[in-house]
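Engineer: what follows is a protein structure lacking sequence information:
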């Protein structure tokens, strides 16, 4: 954490090339070494394999090497940074963004198991690993809110209850939709169309756009200021996990469309609903204390969506392209 | 693997006490150290906490320390042992037992996700970890059949197809029942009665009785003869994972009955079907090449069932007790 | 004046008035104008109907049928017990969750945790109006309702 | 002589004869006597009925209704398309899985992989006869059946 470049520098620089050594550092870092990994490199790494996506067994083998123990993190310095070094506007801005992730992680944890029922055998390995990842990420936020922010509660749900006031009213858009789509998959686990609609919301939008954007904003702030080392470590490790999820998810969507080109309609219809909802915000989130402007966050979200669609080969009809440009910078993730 | 006691010695000696040092060795062993762990100690360890079952978060934290990488195993020596040292009767006996586990692991992997939907938040962590365990165990057997037994196939299902001829016709009893009970839970994820029936088949019978018995028979053979070191290592690590699954499962059943004592009926009714099916065998499995007799295997299964029921505080009515005594020594697991 | 019983005709009439009026000013103040503009736009063009079911009323499942049109509620009544309600979106909720909503449980989480669920209807279309729907759930939850007669249930 | 069409009256009659006769001797030889004793005991006392559905026949879902009694099949006929079959156990399977069963796919895995599923009926009671059921599935699978008329499906 010696580098102190501006949080939004890379946003304006555009995509960067990763050297083989950087890729090895990201892939091989043990948890305690993750503090030295640059979040911008990890976000670049998510997209590295997007054009020729790895198969599920490869993703599963990476998982076995990259998983981490959420109880190995020590939040003592984070608590000091949070209480003594961060300003109240920084804390409020941070909570307004992070709370969507706290709830988002729990939602993607609980909504994923049904998707495993109708998956192929090798895909099941990848999804089983992802379910465990998401549960671990849920515990990560539970610990952060408990030990750093100082929320009190006897169990996971109590801490979720306590952080919910920071969650925007529009959170129900993508996450309510995911809940209902998961129930549709539960009722018809082998309905490929329902699975593609679910996958569009889960893998493309929530993980590929919302989550990576929250990660980028809060982690580049932490890196810029040199604050919250355990948060930086755990959430950057989470971002590395996310790279497997996004790649697996994009592979699923790509395969589904290649097998049946009419599946693109399910992706478009789902994006039509999601983008309509994403055009509305119920609260103004002040990003400036974290080193961002609303326009920069919006630009970040465009970049995230555009790169995935482009790399996976999904084109948007004009009406959807127009909707993309009015997306509001409301962040949540999972 | 220096000790060479008879495979059935501990069966006749009865329960043993574990020292604190033995417990620490079992709990803390890295994968490569598992070869030095005695399978009888691990089976004893499964029951250690049965009388005061750990909570789900404790089990989840243990998982984070104990999980292993299935690709770290090297089956080269196993291949030599299998091909050059084991006799044909030993191989046939081994396959007759292990094939039920090969298929059983895959079944418990795919049937567990639906149980997570209706679980409490902390229980979800434990189940997410167990789903990942079961997927890893599926890969363990896939590798064993591919690299040691020499079955050929392009993917997981092809290897399952190739080992299926060794699976007994009565396998459909517990595992078909689990499949149908899982579907019942899928349709009604919050139906506690359906969940208890499912849990009786999954956690008490398949994991608590069948799986531990297969583990004991094949692993004490491998230890006795000094064969199959990677199988011994991976499957003993699997047994340690199983200790968390059985303890979590017994906690689930115990809590369900404490909350609503009429739930005992669901457990009894499920056991009534299971024990009726367990009283029948379609093939004669010759255990002698592995150092066991049919009567000893039957005694082993009694012990496994009896200890769980006893420790968790589930009593059986006379008709079920009578059925227990006619259980056939047909092994499978998951 | 005592509260109308939950799922009574008087309660349905009160729900109708409350939904037609929309969220009161104090509730609107906490959220961005952009959000309410969206709400108003959806409400003005909404021509669908909801059958908001209660699955476990003592007399059997019943629904609160709500028809929207011209920016207001054109029909609002309790249907059943018995019979399948015809509506664009048929939703189901348990009695205990209805009561929790009236006791102040969050409408977003009521959706997100599937306490209320679309049982019939196109989910993607339904979600285009989800902010409108959750705000309406909040309004319905604030309409006084007596749960006394069913307390024994 | 050509094969009777799948789900035709002639096929149902052939199924009836095959089930009443039970698994032929060569098939019995590979399994323990204990297993067949159990099979015979279940068969002798079985008084339940199965409606073995095919969910996606071109004309609509239909069922093969099988009534057991006195150790034999007392009724065996195709019901539907249309109407809900009344049976102790209502089971469903897709056309492709029926065809796979006739092509030799394993009856155990047909159950275990939920290719056939109990849609109505008590699962624990059903499973007390599961070995009897899977052996009957094997017998049904060996009854010649033409899938030609439905090949376009």
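Structural biologist: Thanks, I have it. Model, not experiment: these values are computed from the prediction.

Engineer: host element of residue C:74?
Structural biologist: If you go by DSSP states H and E, residue C:74 is part of strand C:72-79.

Engineer: what's the first helix or strand after that strand?
Structural biologist: Following strand C:72-79 in sequence, per DSSP H and E, is strand C:89-93.

Engineer: ok, the helix or strand following that following strand near chain B or not?
Structural biologist: As assigned by DSSP H and E, the chain's next helix or strand after strand C:89-93 is helix C:95-102. No. Applying CB under 8 Å from any CB of the partner chain, one finds helix C:95-102 out of contact with chain B, separated by at least 12.0 Å. Where you see a C-beta, it was placed from the backbone N, CA and C, and this is true even at glycine.

Engineer: buried residues in helix C:95-102?
Structural biologist: C:95, C:97-102 (16 or more other CB atoms under 10 Å in any protein chain shown).

Engineer: tell me how many other residues crowd the residue in chain C positioned nearest to chain D.
Structural biologist: Closest residue of chain C to chain D, CB to the nearest CB: residue C:84 (16.6 Å). The number of residues packed near residue C:84 is 13, by other CB atoms under 10 Å in any protein chain shown.

Engineer: for it, which non-adjacent residue is closest in space?
Structural biologist: Spatial nearest neighbour of residue C:84, excluding adjacent residues (CB to CB, 6 or more residues apart in numbering or on different chains): residue C:90 at 7.8 Å.

Engineer: bridging residues for that neighbour?
Structural biologist: Beta bridges link residue C:90 to residue C:51, residue C:120 when assigned by DSSP bridges.

Engineer: burial check on it, number of neighbours?
Structural biologist: By other CB under 10 Å, the residues close to residue C:90 number 20.

Engineer: got it, and the one 4 residues further on?
Structural biologist: Other residues within reach of residue C:94 by the criterion other CB under 10 Å amount to 16.

Engineer: follow-up on the earlier one: quick one: pLDDT of the residue of chain C closest to chain D?
Structural biologist: For residue C:84, the model assigns a pLDDT of 70.

Engineer: roughly how far apart are the spatially most central residue of chain A and residue A:319?
Structural biologist: Nearest residue to the geometric centre of chain A (CA atoms, centre = their mean): residue A:211, 2.2 Å. Computed with CB to CB, to the nearest Å, the distance linking residue A:211 and residue A:319 is 26 Å.

Engineer: returning to that earlier point: quick check: the gap between the residue nearest to the centre of chain A and residue A:126.
Structural biologist: Separation of residue A:211 from residue A:126 (CB to CB) stands at 17 Å.

Engineer: list the residues that contact residue A:126.
Structural biologist: Residue A:126 makes contacts with A:56-57, A:59-60, A:63, A:244, A:248, as judged by CB atoms under 8 Å, 6 or more residues apart in numbering or on different chains.

Engineer: quick one: contacts for the closest residue to it other than its chain neighbours?
Structural biologist: Closest residue in space to residue A:126, ignoring its immediate chain neighbours: residue A:56 at 4.1 Å, by CB to CB, 6+ apart. Taking CB under 8 Å, 6+ apart, we find residue A:56 in contact with A:120, A:122-123, A:125-126, A:248, A:251.

Engineer: mind redoing it with 10 Å?
Structural biologist: A:119-127, A:129, A:244, A:247-248, A:251-252 (CB atoms under 10 Å, 6 or more residues apart in numbering or on different chains).

Engineer: out of these, which is most surrounded?
Structural biologist: Each of the contacts of residue A:56 was scored for neighbours by other CB under 10 Å, and residue A:126 scores highest at 30 neighbours.

Engineer: the helix or strand where it lies: how far from the chain's middle?
Structural biologist: Counting by DSSP H and E, the element that carries residue A:126 is helix A:121-144. Centroid displacement of helix A:121-144 relative to its chain, using CA atoms, centre = their mean, to the nearest Å, is 13 Å.

Engineer: what does stretch A:291-305 give?
Structural biologist: For stretch A:291-305, the distance to the chain centre is 14 Å (CA atoms, centre = their mean).

Engineer: likewise for stretch A:142-156?
Structural biologist: Mean C-alpha position of stretch A:142-156 versus that of the full chain (CA atoms, centre = their mean) differs by 21 Å.

Engineer: anything in that stretch near chain B?
Structural biologist: Yes. Interface with chain B: stretch A:142-156 contributes A:142, A:155-156 (CB under 10 Å from any CB of the partner chain).
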